[in-house]
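A.B. asks: Structure for this input, please:
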Amino acid sequence: MSGDSDAPALSSEEVERYARHIVLRGVGGPGQRRLRAARVLVIGAGGLGAPLLHYLAAAGVGEIGVVDDDVVSLSNLQRQVLFGTADLGRPKVDAAAEAIARLNPHVRVTRFQARLDAQNVRALVASHDVVADGSDNFATRYLVSDACFHERRPLVTAAVGAFDGSLTVLRPYERGADGRPNPTYRCLFPEPPPEDFAPACSEAGVLGALPGMLGSMMALEVMREIVGFGQNLVGRLVLVDALDMRIETLRYAWDPANSLNGAPVA
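C.D. replies: This is a model prediction of the structure:
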């Protein structure tokens with residue numbers, strides 16, 4: 001992310017609101033101003049997107065774009081904590097925008113009540129600084145990750161199953177310390193798994209608190225991308241096992257055979 005030397009000072013109300021960030025080593029006033037100047041695109045306002053949006057808004061991210069074409073249903077409320085019973089039947093982007101406004105009026109929300117496709121994804125990605133993908137299908141994940149590669153935007157992506165979840169960060173348009181390209185999403189998943197391997201939550205179910213955990217971790221990684229503290233998850237995949245409460249981190253690398261930025265065949 002770019003520096004914040006030209007950003008206006010925080011108001012007295014903002015200083016009080018974000019006091020616990022401002023005194024935090026690694027964030028401070030400069031980091032909080034970077035958060036305020038950032039534009040984050042959130043794909044999906046569902047199980048992952050709801051807690052992600054909540055924490056991004058609370059953290060003071062200046063502008064959040066929300067992409068979702070669905071409406072709030074009763075079965076969502078077991079895990080999509082941004083919504084309440086009064087929101088049933090409403091577009092998720094509208095309910096999310098109102099919830100964010102109640103939490104933090106300093107945050108601007110842009111609503112995209114649409115389904116992502118090849119015609120709109122790159123323009124949406126290009127108009128934001130960081131992308132966070134909480135979609136629930138591989139087709140959208142490939143679409144978003146490819147667009148982020150072409151538009152040179154960092155991508156925080158996560159997924160949840162019934163009792164498990166995963167999280168990583170992608171910057172495949174850059175090179176690592178070894179001079180090799182950073183891995184793409186297609187290095188991690190060259191092909192989508194069979195449908196019966198990753199059934200939808202409507203079929204397999206999902207533990208309600210698990211998306212909250214992964215969505216909060218996504219918010220942390222987005223903040224890390226914006227502010228720059230700590231070590232990001234490029235080339236590392238976090239695996240969460242909620243049955244045994246185990247968290248593991250695996251390393252993965254660029255695959256020269258991947259179809260996005262692989263080495264040309266001689």
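
A.B. asks: For the protein, name the helix or strand with the lowest mean pLDDT.
C.D. replies: Least confident element among the helices and strands of the chain, by mean pLDDT, DSSP states H and E: helix 201-204 (a mean of 66).

A.B. asks: Next SSE downstream of that helix?
C.D. replies: Where DSSP states H and E defines the elements, the next helix or strand beyond helix 201-204 is helix 209-227.

A.B. asks: Send me that following helix as PDB with only the CA atoms.
C.D. replies: Provided in PDB are the C-alpha atoms of helix 209-227 (Å, rounded to 0.1, in the frame of the first residue of the first chain):
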ATOM      1  CA  ALA A 209     -19.100 -20.200  14.500                       C
ATOM      2  CA  LEU A 210     -16.500 -21.500  12.000                       C
ATOM      3  CA  PRO A 211     -17.200 -18.900   9.300                       C
ATOM      4  CA  GLY A 212     -17.000 -16.300  12.000                       C
ATOM      5  CA  MET A 213     -13.500 -17.500  12.900                       C
ATOM      6  CA  LEU A 214     -12.300 -17.600   9.300                       C
ATOM      7  CA  GLY A 215     -14.000 -14.300   8.400                       C
ATOM      8  CA  SER A 216     -12.200 -12.600  11.300                       C
ATOM      9  CA  MET A 217      -8.900 -14.100  10.100                       C
ATOM     10  CA  MET A 218      -9.600 -12.700   6.700                       C
ATOM     11  CA  ALA A 219     -10.100  -9.300   8.200                       C
ATOM     12  CA  LEU A 220      -6.800  -9.600   9.900                       C
ATOM     13  CA  GLU A 221      -5.000 -10.500   6.600                       C
ATOM     14  CA  VAL A 222      -6.700  -7.600   4.800                       C
ATOM     15  CA  MET A 223      -5.500  -5.200   7.600                       C
ATOM     16  CA  ARG A 224      -2.000  -6.700   7.300                       C
ATOM     17  CA  GLU A 225      -2.000  -6.000   3.500                       C
ATOM     18  CA  ILE A 226      -3.100  -2.400   4.100                       C
ATOM     19  CA  VAL A 227      -0.900  -1.500   7.100                       C
END
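
A.B. asks: May I have the residues that are in contact with residue 17?
C.D. replies: 60, 104, 106 (Cβ atoms under 8 Å, 6 or more residues apart in numbering). Heads up, the C-betas are built off the backbone N, CA and C, glycines and all.

A.B. asks: which of the residues you listed count as buried?
C.D. replies: Buried members of the contacts of residue 17, counted by 16 or more other Cβ atoms under 10 Å: 60, 104, 106.

A.B. asks: all strands of the stretch 151-266 of the chain, in order?
C.D. replies: Remark: strands assigned in the stretch 151-266 of the chain by DSSP state E, counting those that start in this stretch are 155-160, 164-170, 236-241, 246-251.

A.B. asks: Highest mean neighbour count out of these?
C.D. replies: Of all the strands of the stretch 151-266 of the chain, strand 155-160 carries the top mean neighbour count, a mean of 26, counting by mean count of other Cβ atoms under 10 Å.

A.B. asks: Could you check the angle that one makes with helix 209-227?
C.D. replies: Interaxial angle of strand 155-160 relative to helix 209-227 (axes from the mean of the first three to the mean of the last three Cα atoms, to 10 degrees): 170 degrees.

A.B. asks: contacting residues around strand 155-160?
C.D. replies: Contact partners of strand 155-160, identified using Cβ under 8 Å, 6+ apart, comprise 47-48, 130-134, 136, 141, 144-145, 148, 165-171, 185, 201, 206, 210-211, 214-215, 217-218, 221-222, 225.

A.B. asks: List the pairing partners of it within its sheet, with orientation.
C.D. replies: Sheet pairing of strand 155-160 (DSSP bridges) gives strand 130-133 (parallel), strand 164-170 (antiparallel).

A.B. asks: I'd like the ones you listed as TSV, with distance to residue 242 and mean pLDDT appended.
C.D. replies: Shown next, in TSV, are the strands paired with strand 155-160 (distance: least, Cβ to Cβ, whole Å; pLDDT from 0 to 100):
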stretch	distance to residue 242	mean pLDDT
strand 130-133	21	98
strand 164-170	6	97
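
A.B. asks: which stretch among the ones you listed comes nearest residue 154?
C.D. replies: strand 130-133 (5.3 Å; Cβ to Cβ).

A.B. asks: how about that closest one as PDB, C-alpha atoms only?
C.D. replies: Output of strand 130-133 as PDB, limited to C-alpha atoms (Å, rounded to 0.1, in the frame of the first residue of the first chain):
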ATOM      1  CA  VAL A 130      -7.300  -5.200  -1.800                       C
ATOM      2  CA  VAL A 131      -9.800  -7.900  -2.600                       C
ATOM      3  CA  ALA A 132     -11.200 -10.400  -0.100                       C
ATOM      4  CA  ASP A 133     -13.000 -13.400  -1.500                       C
END
